[in-house]
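Asks: based on what follows, work out the 3D shape:
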Amino acid sequence: MSTVTQRDQVAPRLVTAPPARRRIAGVLSWIRGAAPTVGVVAVLAGLAYWGHQAEWTVPKFSSLIGNGVHPADDWCKEHNVAESQCIECNSKLAPPLTDYGWCKEHGIAQCPLHHPDVAQSKSLQHVSAGDLERANRALALMPRPENNSRCRLYQRRIQFASVQAAEKVGLDIAVVQQRPIIETVVANGEVVYDETRMAHLSSRVPGSVWRVERKVGERVAKGDVLALVESADVGRAKSEFLQSIAHARLNHKVIERLRLGAQKGAVSERTLMEAETAYQEARIRLQSAQQTLVNLGFTVRAEQFAGADTDEITRQLQLLGVPPELVSMLDQTPTTSNLIPVRSPLDGVVIGRNVVEGEVIDPKTALFSVADTSRLWLTLNVRQEDAKYLSLGQPVLFHSSDGKDEQEMKGSLSWISTAADEQTRTVKVRVDLPNAGGRLKANTFGTGRIVLREEPKAIVVPSESVHWDGSCYVVFVRDKDYLKPNAPKFFHVRSVRPGVKQGETTEIIVGLLPGEVIAAKNSVVLEAQLLKSNLGAGCGCADGH
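Replies: Model prediction:
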C-alpha cells in the first residue's frame, strides 16, 4: 500500500515542474540526438579548410624531381623546384636564349640551321650548305608533319632540382647522331621471268619428234639444238633447193656454149636471148628455194656449194642443221634428210619441256620454254597515293618473303602503269632485278622498297624522344652546362620537324644538330610536366614572370 502511495506522489511532481526546467530538459535531449550530425559537419568543415589551404592538389611533380628539403615558402609550385633556384622565375640564373621566332622555310621556331647558336653544344656548330640541301630535299619530296606557328612551347624549359632527381624518375639520354637513312615507298609484289628474255619454242613445220636433246633445268647457249623434228616439208624444201642448183648449173653451161656459137655466127641472137632468160629464171628459182630453207631456220647459201658435185651437195643438205655430235652417227647410219632442228634463241635455262621422242607435233605445239634467269622482273602493286612520287630509274630494294635470304636485291624501276587496277585500285610497276647468281626464283613473293630519297648523313634520334602536344612536335634538349657542379639542371623544349621513321629511330629533318644531348627513355615525364605547367595558375616569380 505504501509503494502505491509513493508512485502517486512522484508523478504529480514531474507534471507540475516549472516551464524553465522543462525547456532545459528538451535542449539536452536534442543535443544528445544531434551529436553525430554535428560531428560530421565539424569534420567536413575541417577538411574544407585544409583543402582550401592545399589548393585541392594531389602530390606534385616535385615529389619526383625535388629533394624535399626546401621550406614551403621557397617552393615554386608551377615549376616544381625551389623558387630560389627556379630559372623561369629568376632569369639571372639562366638567361633565356634569343627568340628568333618562326622559320617559314623550315616550319619550326628557333631554327638551328639558320641560327646554330640555339644548339646546346660546347662550341658553336657549323651549318654547311649540304645540311641545308638535305633539309630542303626532305621537305620538297612530300608533305611532312607540320607545327603550328603559334606554338610557344619552345620558350619553356623543364628544370630538375638535381641530377639525382632526374635519375630518380628513370630519365635516360641520347646523343643526336648522323646516320644513313633511306626513304622508300613499300609495296608487295611477285618475281617473274623477264618476258623480253624468255622464249616458248615450237617447230616451224608439222612433223614428228625424231630426237630430244635437252631436259628441264639444263643451261643452253644461243643456237643450241634442243630437239630434231622430222618433217616431209623439210625434205621437199631441200629437194627443191638441190634441183634449183642443178637447173641453174645446166642453164649456165648452155648459155656459155651459145655465147661461143653466137660469136662465130652459128647461133641466132634470139636463141641466145631465150637462153639468158632461162638462166635468169633458174637463178630466181634457186634464190626462192634458198629463202625457203632460210625461213625454216637453216643457214644456207647457194655459193657455198660451188664446185661440189651432186652427191656432196646431197650429203651436206642431209646434215643441214644437225648438231656436230650427231653428224658421225648419221654418216654411219642411213637416215632421213627431213630433219629440222629446234634451236634456243638465247642463253638461258630450259624451264619447260612438253615433248617426247616420236610425238607428232605442229607449229602450234609449244615444245620448250627457255628463259634467261640472269635478270628477272619484279611486279609491285603500289598504292595510288604513293604512285605520284615514283619516276623511272629509281632504285628498288627487294626482299623475298621466303626468309632464306636476308640480303636485299637491288634493281631499278623500268615501267609504271598508266592505269590503276580495277579491283585493287593499285598501280602496277615493274622493276628490273639482276640475278646473275641465280639467288632469286621466279614466281616468288616479297616486299619491294622503292627508294625516293637516300641520305648518307641524316640526323636521327630515338623515336620515344619525339613528342606531339597537339600543336607542335618537340624534343627535350639538355642544357650544355647541365653537368657543371653549380649550374641549373634543365632541358630546353625544342621544336622539330620529324621525317622518316625506321624502327626505333626517327629522322629529324630540322630542329636538332649533331652532338646535342636529348631526353630519350621516360621523356614522357618531361612532357607531362610541360603540359601541367601550361595549365598552371602561375607562381610568385622573383622577376615578376
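Asks: quick one: mean pLDDT over stretch 106-123.
Replies: Mean pLDDT, stretch 106-123: 94.
Asks: and stretch 394-405, which residues are buried?
Replies: Q394, P395, V396, L397, F398, S400 (16 or more other Cβ atoms under 10 Å). Placement of C-beta: from N, CA and C, glycine included.
Asks: taking the residues you listed together, which two end up most distant?
Replies: Farthest apart among those by Cβ to Cβ are Q394 and S400. That separation is 20.1 Å.
Asks: so which helix or strand takes in H492?
Replies: strand 489-495 (DSSP states H and E).
Asks: does anything pack onto that strand? Which helices or strands?
Replies: Applying 3 or more Cβ pairs under 8 Å, 6 or more residues apart in numbering; DSSP states H and E, one finds that strand 489-495 contacts strand 157-160, helix 163-168, strand 473-478.
Asks: so where's the stretch 1-150 of the chain uncertain?
Replies: 1-74 (pLDDT under 70).
Asks: switch to 80 and redo it
Replies: Along the stretch 1-150 of the chain, the parts satisfying pLDDT under 80 run over 1-84, 88, 91.
Asks: now the helices for it?
Replies: Under the criterion DSSP state H, counting those that start in this stretch, helices of the stretch 1-150 of the chain are mapped to 2-15, 19-54, 62-65, 129-141.
Asks: how about the strands in the stretch 251-400 of the chain?
Replies: Secondary structure of the stretch 251-400 of the chain (DSSP state E, counting those that start in this stretch): strands located at 339-343, 348-353, 360-361, 368-371, 375-383, 395-400.
Asks: Throw those strands into JSON lines and include mean pLDDT, thanks.
Replies: Formatted as JSON lines, the strands of the stretch 251-400 of the chain follow (pLDDT from 0 to 100):
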{"stretch": "strand 339-343", "mean pLDDT": "91"}
{"stretch": "strand 348-353", "mean pLDDT": "95"}
{"stretch": "strand 360-361", "mean pLDDT": "94"}
{"stretch": "strand 368-371", "mean pLDDT": "96"}
{"stretch": "strand 375-383", "mean pLDDT": "96"}
{"stretch": "strand 395-400", "mean pLDDT": "94"}
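Asks: need those strands in JSON lines with distance to D117, can you?
Replies: Formatted as JSON lines, the strands of the stretch 251-400 of the chain follow (distance: least, Cβ to Cβ, whole Å):
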{"stretch": "strand 339-343", "distance to D117": "75"}
{"stretch": "strand 348-353", "distance to D117": "64"}
{"stretch": "strand 360-361", "distance to D117": "83"}
{"stretch": "strand 368-371", "distance to D117": "62"}
{"stretch": "strand 375-383", "distance to D117": "43"}
{"stretch": "strand 395-400", "distance to D117": "38"}
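Asks: quick check: which of those strands is nearest to D481?
Replies: Closest among the strands of the stretch 251-400 of the chain, once you apply Cβ to Cβ, is strand 395-400, at 44.0 Å.
Asks: so which bits of the helix or strand that comes right after that closest one are buried?
Replies: Per DSSP H and E, the first helix or strand lying C-terminal to strand 395-400 is strand 409-420. By 16+ other Cβ under 10 Å, the buried positions in strand 409-420 come out as M409, G411, L413, S414, A420.
Asks: what's the answer for stretch 252-272, then?
Replies: Neighbour-count burial for stretch 252-272 [16+ other Cβ under 10 Å]: I255, L258, A262, V267.
Asks: from the residues you listed, which land in helices?
Replies: I255, L258, A262 (DSSP state H).
Asks: just give me the least confident of those.
Replies: Where pLDDT dips furthest among those: A262, at 80.
Asks: looks like that residue contacts R270 (just checking).
Replies: No. Between A262 and R270 there is no contact under Cβ atoms under 8 Å: 10.4 Å.
Asks: want to throw the helices and strands packed on strand 489-495 into TSV with mean neighbour count?
Replies: Shown next, in TSV, are these (neighbours: other Cβ atoms under 10 Å):
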stretch	mean neighbour count
strand 157-160	24
helix 163-168	16
strand 473-478	25
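Asks: in the stretch 151-300 of the chain, what residue spans correspond to helices?
Replies: Using DSSP H, counting those that start in this stretch, the helices of the stretch 151-300 of the chain run over 163-168, 232-264, 269-295.
Asks: the last one vs helix 232-264, what angle?
Replies: Read that as helix 269-295. With axes from the mean of the first three to the mean of the last three Cα atoms, to 10 degrees defining the directions, helix 269-295 sits at 160 degrees from helix 232-264.
Asks: could you pull out the buried residues of helix 269-295?
Replies: For helix 269-295, by 16+ other Cβ under 10 Å, it's A275, Y279, A282, R283, R285, L286, A289, Q290, T292, L293.
Asks: just give the nearest non-adjacent residue to the second one, would you?
Replies: The reference is to Y279. Distance criterion Cβ to Cβ, 6 or more residues apart in numbering; nearest residue to Y279, sequence neighbours excluded, is N251 at 4.0 Å.
Asks: quick check: the one you found touching R285?
Replies: No. Between N251 and R285 there is no contact under Cβ under 8 Å: 9.8 Å.
Asks: contacting residues for S121?
Replies: Listed by Cβ atoms under 8 Å, 6 or more residues apart in numbering, the contact partners of S121 are K480, L513, G515, E516.
Asks: could you give the mean pLDDT of the lengthiest strand in the chain?
Replies: Secondary structure of the chain per DSSP state E: the longest strand is strand 444-462. When pLDDT is averaged along strand 444-462, the result is 95.
Asks: ok, it: who's next to it in the sheet?
Replies: Strand 444-462 sits in its sheet next to strand 177-193 (antiparallel), strand 395-400 (antiparallel), strand 505-510 (antiparallel), going by DSSP bridges.
Asks: and that strand, how far out from the chain's middle?
Replies: 6 Å (Cα atoms, centre = their mean, to the nearest Å).
Asks: which element follows it toward the C-terminus?
Replies: Criterion used, DSSP H and E; the element after strand 444-462 is strand 467-468.
Asks: okay, now the domains of the chain?
Replies: As assigned by automatic domain parsing, the chain contains the domains 2-54, 72-183+455-535, 232-337.
Asks: closest to R214 out of those domains?
Replies: Using Cβ to Cβ, those put domain 232-337 closest to R214, at 10.9 Å.
Asks: end to end, how far does the closest one reach?
Replies: 9 Å (Cα to Cα, to the nearest Å).
Asks: ok, stretch 473-482 next?
Replies: In stretch 473-482, first residue to last residue: 23 Å (Cα to Cα).
Asks: equivalent analysis for stretch 434-441, please.
Replies: With Cα to Cα, one end of stretch 434-441 sits 12 Å from the other.
Asks: OK, contacts around the residue nearest to E516 when sequence neighbours are not counted?
Replies: Excluding its sequence neighbours, the residue lying closest to E516 (Cβ to Cβ, 6+ apart) is V176, at 4.6 Å. Counting by Cβ under 8 Å, 6+ apart, V176 makes contact with I459, V460, V461, I508, L512, L513, P514, G515, E516, V517, I518.
Asks: now V176: phi and psi?
Replies: phi -70, psi 130 (degrees, to the nearest 10).
Asks: quick check: pLDDT value at it.
Replies: Looking at V176, the pLDDT reads 97.
Asks: again, but for S337
Replies: 84.
Asks: from L141, how far off is E504?
Replies: 23 Å (Cβ to Cβ, to the nearest Å).
Asks: so L317 is in contact with E240, correct?
Replies: No. Applying Cβ under 8 Å as the test, L317 and E240 come out as separate, 10.6 Å apart.
Asks: got the confidence number for S401?
Replies: With respect to pLDDT, S401 has a value of 82.
Asks: and L326, by the same measure?
Replies: 74.
Asks: and it, what does it touch?
Replies: R211, L228.
Asks: what's the distance between it and L376?
Replies: 34 Å.
Asks: go ahead and confirm L440 touches V191.
Replies: Yes. Counting by Cβ under 8 Å, L440 touches V191, with 5.6 Å between them.
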